[in-house]
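Asks: Only the shape, not the letters, is given here:
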């Protein structure tokens, strides 16, 4: 359809463009100020993510917006997006080094994506970082001899094997792993090394632009006093630490990680076998269906072995997957019997179990879907 | 953790706050200008969503940002969010009425959420709107006698029954339905009414704040020349029209709608039966797991009968659901056999089938996940 225009419309649009250009100039100024904040934070070792400052700043701007007749959610959404950029640029300045006398950090698997991200963060924080890759085991003794910390960042199914293969480490050396399961690696580390041991699970992909607001799960091993500095260092990078027993962590991961990946895999397989036409599906897609399609499809842009590892390495994944099958068959039986009443009753049961979370999730996802709709074009 | 501060940091933060307040003032000015644009669009009947103007405006601001050292994606994301607000406020002005001589519009089911949204949009566009609800059938003849258009917006499983129940409509009256399946209602309308007939599927929920960029699927029935005005009216509301044969639409809906709802239902049931602790799952959740949990949980904040209707009403949903079960069992067999090689081979097959879409979905979802992370706090 043609886009009609008129002199009056054009004049208003020119004024809007001017406003937007002024906004650009403000952004430029703001990014410069944020850069200066980064320099100070770097010098003083202040975490890049300051939740209280952020919350109080947003509350003030919301109140001012309200008084001015500007929707408060609009200014909050804009400022949150701008702050994302700030966190990224604060990172570029580097970070304060918390532990001044730590020996070299050896990252086993530091050539991988996640290991590489941590290598970068430690380097930006002024530590000496060494990488130990598959082909470096003949010189492992030399690499590890004076290590202050060893970080294991290898595929899940190799983690325990790699830990067992380590030569004796210096007594005070901290041994840490970054695997997405925690019980087995933690046990292996405690067995392999009598010194300080810590299990971490960074709950984000290696392609994040900054650690601001990301969660790192902390499973204590041994000798907490020897790794308090590391937790402080990670907080300076902007991440939030969540302490939990390894068993609790692993159980949650089976439900949210292994099963989600597995069912997304099955959904992708199903679409292929049904000869779905993705192009066509996208044309019919509301924001919600598009998002769900994207959440399935994104899996297949990634490494098969990464996902196979995650699914096959979860100790109870198989039992959970069989349980899921039972529930699928239960629901299918209702569909086969045309039993809508039974389906609705079961739906109500689950809804009651979700309780207030269902509504919370609805609101949360509605915001996401609005944002997804914003980025449509054409 | 305490949030250290210093005089230098405080001074910079005060300057940042000033910048943000200037931004608020700009937003206020911009919203006022957009209100004036709305008035002109209303008068001239210009669609509220102008894709070309939007694309050229974004391209210009991106180029300017680039030259100023501001990340172009930042200004684009901000402007897209601001434009969402603009579309909402343009709606408040009302819309131009395209068909000046149309008789009253009768919305059957106009008391429901979706019917209510369309009642509001037609009213904002200057049409006379009447609602025919369940208890109004005894005065249906009077309500419908001089109708210019009848819109059917009732639960899926009632649609055909309601269409058959209609008394004879005026010859020139347009008969339209808004159901999320299209073949059966369209056939029922063509049988019930010899005049102009049109099938629509609005691909959005009733809680959208504006129709800007939302998709409405158009399945032609009979007498296109009699409903061109309606398509133009919907475009003025900001929606994009996607024309398709009813059979093609229904096939796509089985794959993206019925099966997604069904598997999300099963996932919710699974979580309940596994005694998952949602509070705890959320604490362990990366943005991606949180989003997936939200996409399951949101289902259960909604009406059981709405979802039962959608799933049970799809003609081939049962066959598709059985196929899905086969694929689940196929993948489970690999897991039971510990056959990682077989799993990875199948993964590669599906990845090849997704082709470039996998990467596209990965990028798209990564943006969504960054936005989800922005809104974390505390």
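Replies: Yes, it's here. Being a predicted model, the structure only gives us computed values, none of them experimental.
Asks: Leaving out the residues flanking it, which one is nearest to residue A:81?
Replies: residue B:77 (5.4 Å; Cβ to Cβ, 6 or more residues apart in numbering or on different chains). Just so you know, the C-beta spots here come from the backbone N, C-alpha and C atoms, and that holds for glycine as well.
Asks: for the longest helix along chain A, what is the average pLDDT?
Replies: Assignment by DSSP state H gives helix A:7-44 as the longest helix of chain A. Averaged across helix A:7-44, pLDDT comes to 93.
Asks: tally of neighbours for residue A:78?
Replies: Look at residue A:78: counted by other Cβ atoms under 10 Å in any protein chain shown, it has 22 neighbours.
Asks: can you check the one 10 residues further on too?
Replies: Each residue near residue A:88 was counted by other Cβ under 10 Å, and the total is 17.
Asks: can you tell me the helix or strand for the closest residue in space to residue A:332 that isn't next to it in sequence?
Replies: Leaving out its chain neighbours, the residue that sits closest to residue A:332 by Cβ to Cβ, 6+ apart is residue B:321, at 5.6 Å. Here residue B:321 sits within helix B:317-336, counting by DSSP states H and E.
Asks: and that helix, what's its mean pLDDT?
Replies: 94.
Asks: Equivalent analysis for stretch A:112-121, please.
Replies: On average, stretch A:112-121 scores 95.
Asks: what do you get for stretch A:55-74?
Replies: 96.
Asks: what does stretch A:296-303 give?
Replies: On average, stretch A:296-303 scores 92.
Asks: tell me which residues of that stretch are tucked away?
Replies: Neighbour counts over stretch A:296-303 (16 or more other Cβ atoms under 10 Å in any protein chain shown) mark A:296-302 as buried.
Asks: Of all pairs in these, which one is the farthest apart?
Replies: For those, the farthest-apart pair by Cβ to Cβ is A:296 and A:302; their separation is 12.0 Å.
Asks: Next, the angle from the helix holding residue B:321 to helix A:317-336.
Replies: Relative orientation of helix B:317-336 versus helix A:317-336 (axes from the mean of the first three to the mean of the last three Cα atoms, to 10 degrees): 170 degrees.
Asks: Show residues contacting helix B:317-336.
Replies: Defining contact as Cβ atoms under 8 Å, 6 or more residues apart in numbering or on different chains, one finds that helix B:317-336 is touched by A:262-263, A:265-267, A:269-270, A:273-274, A:311-312, A:317-318, A:321-322, A:324-325, A:328-329, A:332, A:335-336, B:254-255, B:258-259, B:262-263, B:311, B:314, B:339, B:342-343, B:346.
Asks: Now do the buried residues in that helix.
Replies: B:317-318, B:320-321, B:324-325, B:327-328, B:331-332, B:334-335.
Asks: which residue sits closest to the residue nearest to the spatial centre of chain A, ignoring its sequence neighbours?
Replies: When Cα atoms, centre = their mean is applied to chain A, the residue found nearest the centroid is residue A:204 (2.3 Å). By the measure of Cβ to Cβ, 6+ apart, the closest residue to residue A:204 outside its immediate chain neighbours is residue A:214, 4.4 Å from it.
Asks: I'd guessed the one you found sits against residue A:208; true?
Replies: Yes: the pair residue A:214 / residue A:208 is scored as a contact, 6.1 Å apart, by Cβ atoms under 8 Å.
Asks: quick one: the strands in the stretch 51-200 of chain A?
Replies: A:105-108, A:129-132, A:149-152, A:174-177, A:197-202 (DSSP state E, counting those that start in this stretch).
Asks: now the ones you listed as a markdown table including mean neighbour count?
Replies: Output for the strands of the stretch 51-200 of chain A, formatted as a markdown table (neighbours: other Cβ atoms under 10 Å in any protein chain shown):
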| stretch | mean neighbour count |
| --- | --- |
| strand A:105-108 | 26 |
| strand A:129-132 | 20 |
| strand A:149-152 | 26 |
| strand A:174-177 | 26 |
| strand A:197-202 | 25 |
